[in-house]
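**Student:** Below is the sequence, then the predicted model.
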Amino acid sequence: MNAEPQKVRLATVWLGGCSGCHMSFLDLDESLMDLSEQVELVYGPLVDAKTYPENVDLCLVEGAVTNIENLELARRIRTHTKIVVSFGDCAVTGNVTSMRNRIPVKDLLTAVYQQARAPIGPQALEVLPALLEKALPLHQAIRVDVFLPGCPPVPERISAVLDALLKGQEVELSPPLRTFG
Amino acid sequence: MSVITLTLNGELVSARTGQSLLEAIRDQGVKLPTLCHLDGLSTRGGCRLCLVEIGGSPRLLPACTTEAVEGMVVVTHNDKINHYRKLILELTFAERNHTCAVCVSNEHCELQALAAELGMDHVRYDYLDPDLGMDTSHEKFGVDHNRCILCLRCVRVCDEVEGAHTWDVRGRGILSQVITDLNRPWGESETCTECGKCVEICPTGALFDQGASVGEMKKDARFLRRILDGREKRQWQR
Ligand code: SF4
Ligand code: SF4
Ligand code: SF4
Ligand code: FES
C-alpha cells in the first residue's frame, strides 16, 4: 500500500478585517483545485473546525489584531504554526481597521453603542470581546514570517506566495506585487 | 565650463563643475530614488532618499544637496544605503496616516511606488496615528495633512514658478504642517491663483482635486519641465 504524500496543513484566519482578503483567495478560481491536491484546509472561515488546531504548516492571517479575542488567537496561531503569513493590508499595516486608532476606545464605544441608533445597544458591550487600545498590525502582536500586502492582495499575489511556500522557496515578491493599497 | 572626474560605483566618469551629485549621477543613467527633489525647483534635501556613500565621509550624504567635486568616490547602491533608504520610508509611513486603500492617490502615488520598489513590504515602527485634519474649504482643491510628507514641493512651486507664495510651513519637526496664507483656510486665500500647480506636483494624496475619490488622483509632475522650458528656453516664441 502506497502511503499518501503528506499534505501541507493550511489554515486561514479572519481577524479584524472585512473578509475581502478571503474573497480574493476564493478568486484563485480553478487553481483552488490544484491547491486542494497539495493542502489540507484544517481551519478557517471556510471550514467547520472550532478551535485552531496544532501542527499547522502554513497560515494566512487576514485582518488587524483589534480585540482581546484576536490577540489570543494570534498567539495560539504562532505557537502552533510553522509559517505565518500576514495576509493583506489590515494584517500588514493595520489599514482601514486601524483608522479608529486616533480615537480613544471609550469615546468610540460610546459613539457607536450609547449614542448612535445602533441595532444593538449598550448590552452589546457586555458580550463583545474588549477592544485593544489600538488595532495592531499582526507583526506587532506576534512574529510574522511572510508579508503579503494589498487591499485585498489580488489572486496573482496570493498564488505567487503560495507557490513559493509550497515549493519550500523563499518568498520574493516583485515590486508590482508588493504595493500597499 | 570645466569638466571634473569622479568615481561612480567603481567607474571613472566625468561631470560638469557646479553640478549637484544627483545631476551628475543621473547623467550617467544611474537611477537614484528621490521624493522632495523635482527637476526645475530649488533643492530642499528633506526626504533623504537620495543618500549616497562618499569616500572619506562617515555619514551618508544626500546627492541632491551635495556638489560634485573632482576626485569624489561615490557609491549609490549597497546594503547599507538600501537599508537606510528603506528605514526612512518606513518612518515616513509611520509618522502620518498612509492608508493607501482609501487614498485618492492609490496606485498613482510616488511614495507608494517607491516603497514597493525599495522592497518595503511592512513597517517595523509603531504608527503614530496622528489626527491632523483636512482643509476642503477651497472650491477646487483640498489638502489632507495626514498624507503630507513635507517634501515642500507645493511651497516651492507656488513661490518659484507660480509666483504667488500661497504655501508656507508652520511648526517644527514632526509638528510641521503646510499652510496657506498665514494659516487661513485655503478657500479664503487671497493669493492663491487657483492654477493647480501645487496639486499637480504633490507626490502623494495630500493635495487633491475636490470630488476625487479613491484612486482617482492622477498627477503628472512632468508638466513643470514643459512650463519651465517654455519660459527659460523661450520654446513658446515663434
Ligand atoms: S499618499 Fe501615497 S502612500 Fe500615502 S496613503 Fe496615499 S497612496 Fe498611500
Ligand atoms: S493653486 Fe497655484 S497659486 Fe494656488 S496655491 Fe497652488 S500653486 Fe499656488
Ligand atoms: S502637500 Fe504634497 S507637495 Fe506639499 S509638502 Fe505635503 S506632500 Fe509635499
Ligand atoms: S531628493 Fe535628495 S533629499 Fe530628497
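**Tutor:** Cool, got the structure. Ligands and ions are numbered 1, 2, ... in the order given.
**Student:** Write out the residues of chain B neighbouring ligand 3.
**Tutor:** Residues of chain B lying near ligand 3 by CB under 6 Å from any ligand atom: B:148-154, B:178, B:202-204, B:206-207. For every residue, glycine as well, the C-beta is placed using N, CA and C.
**Student:** For stretch A:156-164, buried residues please.
**Tutor:** Neighbour-count burial for stretch A:156-164, counted by 16 or more other CB atoms under 10 Å in any protein chain shown, picks out A:157-162.
**Student:** Let's have the residues you listed in JSON lines, adding secondary structure.
**Tutor:** Formatted as JSON lines, the buried residues of stretch A:156-164 follow (DSSP: H, G, I helix; E, B strand; the rest coil):
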{"residue": "A:R157", "secondary structure": "helix"}
{"residue": "A:I158", "secondary structure": "helix"}
{"residue": "A:S159", "secondary structure": "helix"}
{"residue": "A:A160", "secondary structure": "helix"}
{"residue": "A:V161", "secondary structure": "helix"}
{"residue": "A:L162", "secondary structure": "helix"}
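**Student:** Give me the buried subset of the residues of chain B next to ligand 3.
**Tutor:** Counted by 16+ other CB under 10 Å, these give B:148-154, B:178, B:202-204, B:206-207 as buried.
**Student:** where exactly do the strands run in chain B?
**Tutor:** B:3-8, B:11-16, B:51-54, B:61-62, B:73-75, B:134-135, B:141-144, B:167-170, B:177-180, B:207-209 (DSSP state E).
**Student:** now for those strands, which one comes closest to A:E126?
**Tutor:** A:E126 sits nearest to strand B:134-135 of all those, at 36.4 Å, using CB to CB.
**Student:** Name the surrounding residues that touch that closest one.
**Tutor:** With CB atoms under 8 Å, 6 or more residues apart in numbering or on different chains as the test, strand B:134-135 has contacts from B:142-146, B:180, B:185-187.
**Student:** filter those to the buried ones?
**Tutor:** With burial judged by 16+ other CB under 10 Å, the buried subset of the contacts of strand B:134-135 is B:142-146, B:180, B:186.
**Student:** And those residues, which two are furthest apart?
**Tutor:** B:N146 and B:T180 (16.8 Å).
**Student:** neighbours around the nearest residue to B:L49 once chain neighbours are set aside, how many?
**Tutor:** With sequence-adjacent residues excluded and distances taken as CB to CB, 6 or more residues apart in numbering or on different chains, B:L49 is closest to B:P33, at 4.5 Å. Neighbours of B:P33 under the rule other CB atoms under 10 Å in any protein chain shown: 19.
**Student:** Then A:L46?
**Tutor:** A:L46: 11 neighbours (other CB under 10 Å).
**Student:** With the flanking residues excluded, which residue is spatially nearest to it?
**Tutor:** A:T12 (7.0 Å).
**Student:** sorry, back to before: which of the buried ones among the contacts of strand B:134-135 lies closest to chain A?
**Tutor:** Comparing those against chain A with CB to the nearest CB places B:N146 closest, at 9.1 Å.
**Student:** Which residue is the nearest non-sequential neighbour of that closest one?
**Tutor:** The shortest distance from B:N146 to any non-neighbouring residue, by CB to CB, 6+ apart, is to B:N97 (3.9 Å).
**Student:** Then A:T66?
**Tutor:** Closest to A:T66 by CB to CB, 6+ apart is A:G16, at 3.5 Å.
**Student:** Ok, A:V105 next?
**Tutor:** Distance criterion CB to CB, 6+ apart; nearest residue to A:V105, sequence neighbours excluded, is A:L131 at 5.1 Å.
**Student:** Can you give me the distance of the one you found to chain B?
**Tutor:** 14 Å (CB to the nearest CB, to the nearest Å).
**Student:** Number of residues surrounding A:T81?
**Tutor:** Neighbourhood size, A:T81 [other CB under 10 Å]: 24.
**Student:** who does it bridge with?
**Tutor:** A:V56 (DSSP bridges).
**Student:** In three-state terms, how would the closest residue to ligand 2 within chain A be classified?
**Tutor:** Per CB to the nearest ligand atom, A:G181 is where chain A lies closest to ligand 2, at 25.7 Å. A:G181 falls in the coil class when you classify it by three-state DSSP.
**Student:** need the contact list for the closest residue to it other than its chain neighbours.
**Tutor:** Leaving aside its sequence neighbours, A:G181 sits nearest to B:C100 (CB to CB, 6+ apart; 2.9 Å). By CB under 8 Å, 6+ apart, B:C100 lies in contact with A:89, A:151, A:179-181, B:106, B:109, B:112.
**Student:** among those, which are in reach of ligand 1?
**Tutor:** Near ligand 1, taking CB under 6 Å from any ligand atom as the test, the members of the contacts of B:C100 found are A:181, B:106, B:109, B:112.
**Student:** measure the residue nearest to the last one when sequence neighbours are not counted to A:G150 for me?
**Tutor:** The shortest distance from B:Q112 to any non-neighbouring residue, by CB to CB, 6+ apart, is to B:C100 (5.4 Å). Taking CB to CB, to the nearest Å as the measure, B:C100 and A:G150 are separated by 9 Å.
**Student:** what are the bridge partners for the nearest residue to B:I179 once chain neighbours are set aside, then?
**Tutor:** Computed as CB to CB, 6+ apart, the closest residue to B:I179 that is not its neighbour in sequence is B:R170, at 5.1 Å. The partner list for B:R170 in beta bridges (DSSP bridges) reads B:Q177.
**Student:** before we move on, the earlier item: closest one of the buried residues of stretch A:156-164 to A:L46?
**Tutor:** Ranked by distance to A:L46 (CB to CB), those are led by A:I158 at 14.2 Å.
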